Structures are given as C-alpha cells and as structure tokens.
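Undergrad: Provided below are the primary sequence and the corresponding predicted coordinates.
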Amino acid sequence: MGRGVGVLLLFVVTIGIILVVPRTSGALAESDFFRVEEIRLEGHRYLDQEEVERMLGVGPASSVWDDLDVLSSRLRRHALVEDAQLRRRLPGTLVVQVDERTPVALLATPALVPVDRDGRVLPIDPAQHRLDLPLLEPYRDPWEEGVELTPRQTRILAREAAHLAEADPGFLAGVSELAVDPRGDVLIRLADPRVTLRYRPPAATARLRQALRVLEDALERDRQRTPGTVDLRYRDQVVVRFPSSNGAR
C-alpha cells in the first residue's frame, strides 16, 4: 500500500511540474535537481556516444529544461544525421533519438568511402563496420583511363543502389559494381557469375528476376561459355550476349 501511494505521489508531482514549466522554466533550469546526469542515445548504428555529447555541448551546468530544439538542431548538422529528436526523462536524463543516413554503396575517392542515396559521402569507416556494399564505378571503354564519376552520375547510381536495396535486398547482395554510361543506362556487375546486367533505371524487381532466370537458363544450356551481358533495355525481351573472340562484349 505504501509503495502504491509513493508511486502515485511521484506521478502527481511530475504532472504538476510539467504543468507549471511554462511559468517556472527559468527557475527549474537553475535547480541542481534537474542537471543533466545522463545522455541516452537511441536509434544509432554508426554514431559515437562521445561525438554526440560533444556536438550537443552539454556541460556540468546544463539542465534538462534547456531548449531541446536548439540541441537537436546542433545534431542535424552532422553528416550522418538525417533527423534528431530529444526528450526529457526526469529528473536528469536527455534521450536522443536519431535517424541516421543509410550507406547504400561505396565510392572510390581514391579511398573507399560510403555514400547515401543522394551520393552524399558519409563519415563511416567501411573496414570498422564491415560494409558489404557495391562499388560505384565510372563507365569506361576498354582503353580509357583516368575516368571519374561526375556528381550527377554518382547521384544516379546511389539512388539506383538505394532503390535496389529497398526493392530486393537479396539481389543487391549479389552486386559487386554499378556504372552508368553516357546515355544514362545502368550497368550492374554481378559478383557470381561475373556477368553485366544493362538497363534503363529504375529497374523493376520482376524484371531483374526475369533477367536472372534467363541468365540461369543460358548457363544451363551452354556450360562452356558464360554470357558477357544480359540486356534489359528492350521491352518484353531479355537479350543475352556472349563475349566475342576478341574480348568485346
């Protein structure tokens, strides 16, 4: 009975505090009882706790009644943060809920760096987090060297990688590289077998699965040769091309 009364009393006191905060927030902020003792980070995978605390700028004199909009806006400046919301857990905890930007592919700069669906470089160490993502590559003729992706091409490929991740994660797991040619066609290089799929984005999941079925059938029919390209640019057709004897595809 005593415990129940205590819980009820705490609830009533908390509600009372919340109701009078608009009139007494200044006084509450000065109270040692509401000093920030803990910052609890939720929803994160790549963000570091210490980095979040540093960006918030919460110090020994900070109160849970400080302006949460100001604190969340500081976090939104981080390249990894798409959105951030803070809430109070009285008497001394701030709960930070973050929505991180998702890496969808790797870009050679020349070091490999992760990018999100907009082609934005993300401050994530691929080795530390073991990111198994496809590589965005520039389109090259066999004799071209020093070709680099333009920002526009990077965005096209990053959005296509994100589209594939949402539509068919299993398919994307089998992709090693993506490239885009000057006409806007996307070329996907499969990891196994080493075959290129060519299509005009965005790719429909059913169409990609159809391409894989046709590829499997081609491999079954002729085990001595591996197709070079599976072309999906033609309506209601899947065209399989084999490498020619001189190496052209």
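TA: Looks like it came in fine. Residues are numbered from 1 along each chain as shown.

Undergrad: mind listing the strands the helix or strand containing residue 177 pairs with, and their directions?
TA: Element membership of residue 177 [criterion: DSSP states H and E] is strand 175-180. Applying DSSP bridges to the sheet, strand 175-180 is found paired with strand 135-138 (parallel), strand 186-190 (antiparallel).

Undergrad: show me what whichever helix or strand comes after the longest one is packed against.
TA: What that stands for is strand 186-190. Downstream of strand 186-190, the next assigned helix or strand under DSSP H and E is strand 196-199. On a contact count with 3 or more C-beta pairs under 8 Å, 6 or more residues apart in numbering; DSSP states H and E, strand 196-199 meets strand 186-190, helix 205-221, strand 229-231. (Each C-beta comes from the backbone N, C-alpha and C, glycine too.)

Undergrad: all strands for the protein, in order.
TA: With DSSP state E as the criterion, the chain has strands at 38-42, 81-89, 93-100, 105-108, 112-115, 135-138, 175-180, 186-190, 196-199, 229-231, 239-241.

Undergrad: residue 198 and residue 184 touch, don't they?
TA: No - using C-beta atoms under 8 Å, residue 198 is not in contact with residue 184, being 11.4 Å away.

Undergrad: more neighbours: which of the two?
TA: Neighbour totals were compared for residue 198 and residue 184, and residue 198 leads with 19 against 10 (other C-beta atoms under 10 Å).

Undergrad: where's that one relative to residue 51, distance?
TA: 42 Å (C-beta to C-beta, to the nearest Å).

Undergrad: could you pull up the mean pLDDT of the strand holding residue 177?
TA: Here strand 175-180 scores 95 as its mean pLDDT.

Undergrad: from the chain's centre, how far out does it sit?
TA: 17 Å (C-alpha atoms, centre = their mean, to the nearest Å).

Undergrad: buried ones in that strand?
TA: For strand 175-180, the neighbour count (16 or more other C-beta atoms under 10 Å) marks 175, 177-180 as buried.

Undergrad: in TSV: the residues you listed, plus distance to residue 231.
TA: As requested, the buried residues of strand 175-180 are arranged in TSV below (distance: C-beta to C-beta, whole Å):
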residue	distance to residue 231
175	17
177	17
178	16
179	15
180	15
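
Undergrad: tell me the one of the residues you listed nearest residue 139?
TA: residue 179 (4.6 Å; C-beta to C-beta).

Undergrad: returning to that earlier point: redo the strands of the chain as TSV? Include distance to residue 215.
TA: Shown next, in TSV, are the strands of the chain (distance: least, C-beta to C-beta, whole Å):
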stretch	distance to residue 215
strand 38-42	43
strand 81-89	36
strand 93-100	35
strand 105-108	22
strand 112-115	28
strand 135-138	21
strand 175-180	13
strand 186-190	8
strand 196-199	8
strand 229-231	5
strand 239-241	7
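
Undergrad: looking at those, which is closest to residue 62?
TA: Proximity to residue 62 (C-beta to C-beta) singles out strand 93-100 among the strands of the chain, at 8.6 Å.

Undergrad: partner strands of the closest one and their direction?
TA: strand 38-42 (parallel), strand 81-89 (antiparallel).

Undergrad: ok, back up a step: what's in contact with the strand holding residue 177?
TA: 105, 134-139, 153, 156-157, 160-161, 164, 186-191 (C-beta atoms under 8 Å, 6 or more residues apart in numbering).
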